[in-house]
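1. give me coordinates for this.
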Amino acid sequence: MSPRLAALLLLLSAHGALGLRICSFNVRSFGESKRENHGAMDVIVKVIKRCDVILLMEIKDSNNMICPMLMEKLNGNSRRGITYNYVISSRLGRNKYKEQYAFLYREKLVSVKKSYCYPDDEDGDVFSREPFVVWFQSPHTAVKDFVIVPLHTTPETSVREIDKLADVYMDLKHRWNAENFIFMGDFNAGCSYVPKKAWKNIRLRTDPRFVWLIGDQEDTTVKKSTTCAYDRIVLRGQEIVNSVVPNSNGVFDFQKAYKLTEERALNVSDHFPVEFKLQTSRVLTNNKKSITRKKKTNSSHR
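-> Below you'll find the model as predicted:
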């Protein structure tokens, strides 16, 4: 084994079991006021450091200061070889309300191959914030490349927006020679926004080739008064489905992990991150088991 590969495996194993951890986090109104909240920022940085690739949503930063500030906090005292980089969308949204998607990633583990913003305006303007699609390369994992499609829906149009991701998939298949896809983000895919009767109208659910890693029974909300699976991760491609580390998919409760009060946790976000891991390689893990799905899988809603 080469020294470089050994160092990379050591980096991956530092998070626990070997695997590339991919996360999605709606940070809620991530702008200047939150940037100046030191307590909230400490937690956000801790959450990011758990992940090798993380999608951040609801960035509201007209001055483009959030990601450079995060790079300083993440990389300022970093040991050699674990630095982060980022790629960020333009400001997306209708009228004056704008948000950005950003992907932060460990440079030694993954790199950006391509990116583009789905041209939603040419097809009915379904998305409130059109997906900023990024194709990652990951030479040290079982899956050598994968496309991440992020989505933050507007609650009132969630069903239509989630369904539309099936068209985004077809567009990507035509545009790029890619096989492994991850759809993730704050889909608002629960409670009254996507009632049970609505699932039959969502192709991302009715087509069994799309595999949902976060079940309908999960709670991705911080407030104890709510139990909703708003945030989701969905896979397409047999190779990537088979490469998920068993039982690595779930919700990260940062309130419990960092012993925060509900009030302090809500200062960070009203959403918990969702995540899963990809195996480093089939040879290293010797694990060809299919993923263990959560209870109440999508089959119960067909």
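2. in a strand, that's where Trp135 is, yeah?
-> Yes: note on Trp135: a strand contains this position according to DSSP: H, G, I helix; E, B strand; the rest coil.
3. what is it paired to in the beta sheet?
-> Trp135 forms beta bridges with Lys114, Val147, as assigned by DSSP bridges.
4. residue contacts, it?
-> Shown here is Trp135, whose contacts under the criterion C-beta atoms under 8 Å, 6 or more residues apart in numbering are 112-115, 145-147, 176, 178. All C-beta atoms are positioned from the backbone trio N, CA, C, and that covers glycine.
5. can I get the buried part of these as one PyMOL selection?
-> Taking 16 or more other C-beta atoms under 10 Å as the burial criterion, the selection of buried members of these in PyMOL is written as:
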select buried, resi 115+145+146+147+178
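6. which one of the contacts of Trp135 is nearest Ser243?
-> Proximity of the contacts of Trp135 to Ser243 (C-beta to C-beta) peaks at Phe146, which lies at 9.1 Å.
7. look at the closest one and report its pLDDT.
-> Looking at Phe146, its pLDDT is 97.
8. list the contacts for it?
-> So, once contact is read as C-beta under 8 Å, 6+ apart, Phe146 ends up touching 135-136, 138, 178, 180-182, 237, 240, 278.
9. of the contacts of Trp135, which is the nearest to Arg106?
-> Of all the contacts of Trp135, Arg106 sits closest to Val112, with 12.2 Å by C-beta to C-beta.
10. tell me the contacts of the closest residue to that closest one other than its chain neighbours?
-> For Val112, the nearest residue in space outside its immediate sequence neighbours is Val87; the separation is 5.4 Å by C-beta to C-beta, 6 or more residues apart in numbering. Under the criterion of C-beta under 8 Å, 6+ apart, the neighbours of Val87 are 102-103, 105, 112, 115, 134.
11. which SSE is Val87 in?
-> Using DSSP states H and E, the secondary-structure element containing Val87 is strand 84-88.
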